[in-house]
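Undergrad: Structure here, sequence nowhere to be found:
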C-alpha cells in the first residue's frame, strides 16, 4: 500500500504546481548556501586582516588565501551533506500547494481547507531545518565511528525525520496540530517505513532533490488511507 501511495505521487510529477514548488525550493536553497559561503568568506577576511608575523619579523601573507581555499572545500562538503536537508526544509514552506494538488486530483469530494498561516509554516520550517541539519551533522560522526552501520543509520534516521515531518504536514491541514500528532502516534511504524522509502532516493544525485515533493504527495495519500481505516 505504501508503494502504491508512492507510485501515485510519481505519476503526478508533471503537475505544474509540483514543478513550481521544486524549482522555487531549489533556487532558494542555492541562494541560502551562497549567502552562507559569502558570510564565511567575510569572516575569514575580517579575521586575517591584520598581518601575522613569524619570529624574526617575517610576515605571513598566505594564511587568508589558504583559509579561503579551505573554506571553499568546506562549503562543497557541507553542500553535499546539507543540500537535501536544507532543500527539504525550504521546500516545506510550499508543500500546501503539493497537498492541495494531490487532493484535487485524487480526492475531489473533500471540502476545501484554509491555508496554514505563514507564521506557523515558518516556525515549523525553521524547527524542521534545525532538526535535520543537527541530526545529519551528528550522523557524520557516527559514519566515521561505525562505518559498517552507515547505511542503516542514514536511512533509519532520515526515514524517521522525513516520515515525521511530511505526515505532520499532510495531516495537519485537516486534523489540526493536535489531531495530526495523535494520528501519527497511532501509525508510527507505517510512517517510519514510508519515510525510509522516501530516504532511498537521497543517495541518488538530482533525484534526491525531488524527495520533498514526492514525500509531501506520498504522505498526503498515506494520511487519507490511514484516516479512512
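TA: Structure received. These figures come from a predicted structure and were not determined experimentally.

Undergrad: List the buried residues in the top helix by length along the chain.
TA: Taking DSSP state H as the criterion, the chain has its longest helix at helix 150-186. Neighbour-count burial for helix 150-186 flags 154-175, 180-181, 183-184 (criterion: 16 or more other CB atoms under 10 Å). Every residue, glycine included, has its C-beta placed from N, CA and C.

Undergrad: quick one: average pLDDT of that helix?
TA: The average pLDDT within helix 150-186 is 87.

Undergrad: Hmm, residue 95 and residue 212 touching each other?
TA: Yes: taking contacts as CB atoms under 8 Å, residue 212 lies within contact range of residue 95: 7.0 Å.

Undergrad: Name the residues contacting each of these two.
TA: residue 21 (CB atoms under 8 Å, 6 or more residues apart in numbering).

Undergrad: How far off centre is the helix or strand hosting residue 213?
TA: Using DSSP states H and E, residue 213 sits in helix 211-227. Mean C-alpha position of helix 211-227 versus that of the full chain (CA atoms, centre = their mean, to the nearest Å) differs by 15 Å.

Undergrad: And it, what's buried?
TA: By 16+ other CB under 10 Å, the buried positions in helix 211-227 come out as 211-224, 226.

Undergrad: name the helices or strands packed onto that helix?
TA: helix 2-11, helix 16-47, helix 63-91, helix 95-106, helix 150-186, helix 188-199 (3 or more CB pairs under 8 Å, 6 or more residues apart in numbering; DSSP states H and E).

Undergrad: Worst mean pLDDT among those helices?
TA: Across these, the lowest-scoring stretch is helix 63-91, with a mean of 60.

Undergrad: on that earlier part again, now for the longest helix of the chain, which elements pack on it?
TA: Applying 3+ CB pairs under 8 Å, 6+ apart, we find helix 150-186 packed against helix 95-106, helix 118-145, helix 188-199, helix 211-227.

Undergrad: Need the winner for burial among the ones you listed.
TA: helix 211-227 (a mean of 25; mean count of other CB atoms under 10 Å).

Undergrad: now the angle from it to helix 16-47?
TA: Per axes from the mean of the first three to the mean of the last three CA atoms, to 10 degrees, the angle that helix 211-227 makes with helix 16-47 is 130 degrees.

Undergrad: What average pLDDT does helix 211-227 get?
TA: 89.

Undergrad: please renumber so the chain begins at 776
TA: Sure, I'll start counting at 776 from here, so that last one is helix 986-1002.

Undergrad: Next one: residue 926 from residue 971, what distance?
TA: 11 Å (CB to CB, to the nearest Å).

Undergrad: just residue 790 next, same as before
TA: 25 Å.

Undergrad: same check, this time on residue 956
TA: Where residue 971 is concerned, residue 956 sits at a distance of 21 Å (CB to CB).

Undergrad: Ok, residue 809 next?
TA: 32 Å.

Undergrad: show me the contacts for the residue nearest to residue 870 when sequence neighbours are not counted.
TA: Distance criterion CB to CB, 6 or more residues apart in numbering; nearest residue to residue 870, sequence neighbours excluded, is residue 991 at 4.1 Å. By CB under 8 Å, 6+ apart, the residues touching residue 991 are 867, 870, 873-874, 877, 941, 944-945.
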